[in-house]
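Student: give me a 3D structure for the following:
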Amino acid sequence: MNKKLLFIPFVIFLALVAVFMEQLTRNADGDDPTRLESVLIGKPVPEFRLEDLADAGKLYQQDIFQGEPLLLNVWATWCPTCYAEHQYLNQLASQGVKIIGLNYKDERQKAIRWLNDLGNPYMHSLFDGNGMLGMDLGVYGAPETFLIDAKGIIRYRHVGDVNPQNWESTLKPIYARLQEEAKG
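Tutor: The predicted model follows:
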């Protein structure tokens, strides 16, 4: 057998590795491999019917996202990054930022205890125990935060914690713009 033929699988393997590496290190803009695009940008929050975290009999639907701009924060007690961002979310809520919480694939009693112990920055707390709304939103994991306009349209998706740096540089300007749009 020709020795050159033995190198063909190796060359094909290297070519595939190069293609996969290229795909893993780029995104739609070509600049930030950690940025995850969302097909829901510019679309309404998906239809849902979820219980309140603390009051299992109280149901919410997507109309809670209409009327004023707000943040939808996806969180869970099993998420260490959620713990790290929680105090800052409390601070934002105390400054008048409207936030709805989506407790994602969690244990209800643990989540209730978390909010009782650490403070509750949320106007409403939705319980998504099976993760279906999270899946409809395209959530990869917690935390994720969506900026939603006064008409219930998703305008921005942020993956990772909300902290003073990304709030000031990215999220706050978008939130302020959505507030202005709601007034006009």
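
Student: now do the helix or strand Glu180 falls within: which elements does it pack against?
Tutor: Assigned by DSSP states H and E, Glu180 belongs to helix 172-183. Here helix 172-183 touches strand 144-148, strand 154-159, going by 3 or more C-beta pairs under 8 Å, 6 or more residues apart in numbering; DSSP states H and E. The way it works is simple: take the backbone N, C-alpha and C, and place the C-beta from them, glycine included.

Student: show residues contacting it.
Tutor: The contact list for helix 172-183 (C-beta atoms under 8 Å, 6 or more residues apart in numbering) reads 68-69, 71, 97, 147, 149-150, 155-156.

Student: and the closest residue to Ala111 other than its chain neighbours, how many neighbours does it have?
Tutor: Sequence neighbours aside, Asn103 is the residue nearest to Ala111 in space, at 4.6 Å (criterion: C-beta to C-beta, 6 or more residues apart in numbering). Close neighbours of Asn103, defined as other C-beta atoms under 10 Å, add up to 28.

Student: just list whatever residues bridge to Thr145.
Tutor: Beta-bridge partners for Thr145, by DSSP bridges, are Asn73, His158.

Student: tell me which residue is most central in the chain.
Tutor: Central residue of the chain (C-alpha atoms, centre = their mean): Glu144, 2.3 Å from the mean position.

Student: if we can go back for a sec, pull out the buried positions in the helix holding Glu180.
Tutor: Going by neighbour count (16 or more other C-beta atoms under 10 Å), the buried part of helix 172-183 is 175, 178-179.

Student: could I get those residues as a markdown table with distance to Val39 and pLDDT?
Tutor: As requested, those are exported to a markdown table (distance: C-beta to C-beta, whole Å; pLDDT from 0 to 100):
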| residue | distance to Val39 | pLDDT |
| --- | --- | --- |
| Tyr175 | 22 | 98 |
| Leu178 | 20 | 97 |
| Gln179 | 25 | 96 |
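
Student: tell me the angle the helix holding Glu180 makes with strand 154-159.
Tutor: Here the directions of helix 172-183 and strand 154-159 differ by 160 degrees (axes from the mean of the first three to the mean of the last three C-alpha atoms, to 10 degrees).

Student: all set now, cheers.
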